[in-house]
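1. Give me the fold of what follows.
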Amino acid sequence: MASSELGRFSPWDYVVFAAVLLISGSIGIYYAFVGRGKTTSKEFLTGGRSMTALPVALSLTASFMSAVTILGTPADVYRYGAMFSIFAISYALVVFISAEIYLPVFYRLNIASTYEYLELRFNRSVRILGTVIFIIEMILYTGIVIYAPALALNQVSGFNLWGAMIATGLVCTFYCTLGGLKAVIWTDAFQIVIMLAGFIAVIIRGVVVQGGIQTIINDSYYGGRLNFWDFDPHPLRRHTFWTIIIGGTFLWTGVYGVNQTQVQRYIACKSKFQAKLSLYINLIGLWAILACAVLSGLIIFSVYKDCDPWTSHRVSAPDQLMPYLVLDILKNYPGVPGLFVACAYSGTLR
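-> Residues are numbered from 1 along each chain as shown. The predicted model follows:
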């Protein structure tokens with residue numbers, strides 16, 4: 001199927017995408033109205049330490065995932081196999097280390113920022129340096145996670161590139177500024193539901209199109225994509241058990257253990273028990289998103305095993321494979337491709 005034969009975005013797709021942005025913005029307005037006249041800086045930054053485990057857990061999962069994950073992980077599985085799935089073990093190790101080692105320290109100090117710890121441990125200059133580095137990192141990271149998926153979706157679906165980027169940036173700034181951390185957490189909780197809904201829509205339709213999950217598993221097996229275990233110790237291999245478990249654990253511990261975006265969320269819980277519980281519940285969310293992304297990648301392989309859209313130049317980059325699949329198998333379902341776009345962009349609203 002040529003790229004030009006794929007469906008384009010319908011008005012209903014834009015309606016679904018706009019509805020997600022509207023609901024996200026409305027959450028910020030709600031918390032700005034509820035907290036009017038009584039919001040202190042502590043309340044704004046930590047939610048008054050009144051949050052319970054479940055919404056914080058959903059927020060942690062949403063902030064960990066991004067549109068790069070939603071588009072890139074299925075493409076990686078399609079090209080290199082399901083080895084990516086053993087990151088599930090790394091996630092478990094990371095959550096345990098963060099909950100049992102890092103969280104008690106930050107929670108006991110009653111701080112609103114990890115950079116306050118730097119000042120307590122060293123001095124104010126180190127705190128300022130850490131804050132500046134974090135701001136630069138977030139500017140660069142946010143630019144990538146907004147622009148990269150917008151470009152991929154634009155080239156495959158015709159979804160307006162700059163319109164989506166500007167709308168996403170404005171809505172995210174809007175609800176964060178108005179509603180503070182409570183708005184961020186509840187918006188994240190809403191967005192993780194959208195992420196799962198987008199993935200589930202693709203998976204259900206993919207299974208139906210391929211005539212059952214067994215077909216997808218068989219195609220993946222005979223295509224060499226069910227390569228879960230590789231114990232080769234060579235450090236230059238792309239993915240092995242050792243690079244994922246050891247490298248992945250060290251990498252993501254830096255995110256969950258000390259990164260401001262994660263720490264600020266779990267120290268907003270009303271007790272240390274609730275904070276720890278939020279991390280462990282969040283692990284279930286991480287596993288669910290990972291499973292959906294890996295299965296989506298296997299579906300892409302099963303559908304296109306005899307006709308690679310990338311090597312046949314129907315898409316210009318691997319990150320376009322997932323939206324290409326969506327428009328291919330869901331083109332007759334107005335609004336559902338828009339749900340997937342909302343799923344992808346929910347990863348950028350953090």
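
2. Which secondary structure element of the chain has the lowest mean pLDDT?
-> In the chain, no helix or strand scores lower on mean pLDDT, DSSP states H and E than helix 41-46, which sits at a mean of 65.

3. neighbouring contacts of the helix or strand that comes right after that one?
-> Moving toward the C-terminus from helix 41-46, the next helix or strand (DSSP states H and E) is helix 53-64. Applying CB atoms under 8 Å, 6 or more residues apart in numbering, the contact partners of helix 53-64 are 184-186, 188-189, 191-193, 195, 255-256, 261-262, 265-266, 268-269, 274-275, 277-282, 284-286, 289, 346-347, 350. C-beta here means a position set from N, CA and C on the backbone, and glycine is covered the same way.

4. Weed out the non-buried ones from the residues you listed.
-> 184-186, 188-189, 191-192, 195, 256, 261-262, 265-266, 268-269, 274-275, 277-279, 281-282, 285-286, 289, 346-347, 350 (16 or more other CB atoms under 10 Å).

5. Which residue ranges of the stretch 251-350 of the chain form strands?
-> Remark: no strands are assigned in the stretch 251-350 of the chain by DSSP state E, counting those that start in this stretch.

6. Might you list the low-confidence residue ranges for it?
-> 346-350 (pLDDT under 70).

7. Helices of that one, residue ranges please.
-> 260-266, 272-304, 321-329, 336-346 (DSSP state H, counting those that start in this stretch).

8. For the second one, which helices and strands make contact with it?
-> Going back to what we said before, that points to helix 272-304. The contact analysis (3 or more CB pairs under 8 Å, 6 or more residues apart in numbering; DSSP states H and E) places helix 272-304 against helix 53-64, helix 67-80, helix 87-97, helix 103-109, helix 161-209, helix 213-222, helix 260-266, helix 321-329.

9. Could I get the average pLDDT for the fifth one?
-> Translated: helix 161-209. Summarised as a single mean, pLDDT over helix 161-209 is 81.

10. got it, and stretch 104-121?
-> Rounded mean pLDDT across stretch 104-121 is 85.

11. Tabulate the helices and strands packed on helix 272-304 (JSON lines), appending distance to residue 129.
-> Below are the helices and strands packed on helix 272-304 laid out as JSON lines (distance: least, CB to CB, whole Å):
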{"stretch": "helix 53-64", "distance to residue 129": "24"}
{"stretch": "helix 67-80", "distance to residue 129": "27"}
{"stretch": "helix 87-97", "distance to residue 129": "25"}
{"stretch": "helix 103-109", "distance to residue 129": "19"}
{"stretch": "helix 161-209", "distance to residue 129": "24"}
{"stretch": "helix 213-222", "distance to residue 129": "47"}
{"stretch": "helix 260-266", "distance to residue 129": "14"}
{"stretch": "helix 321-329", "distance to residue 129": "39"}
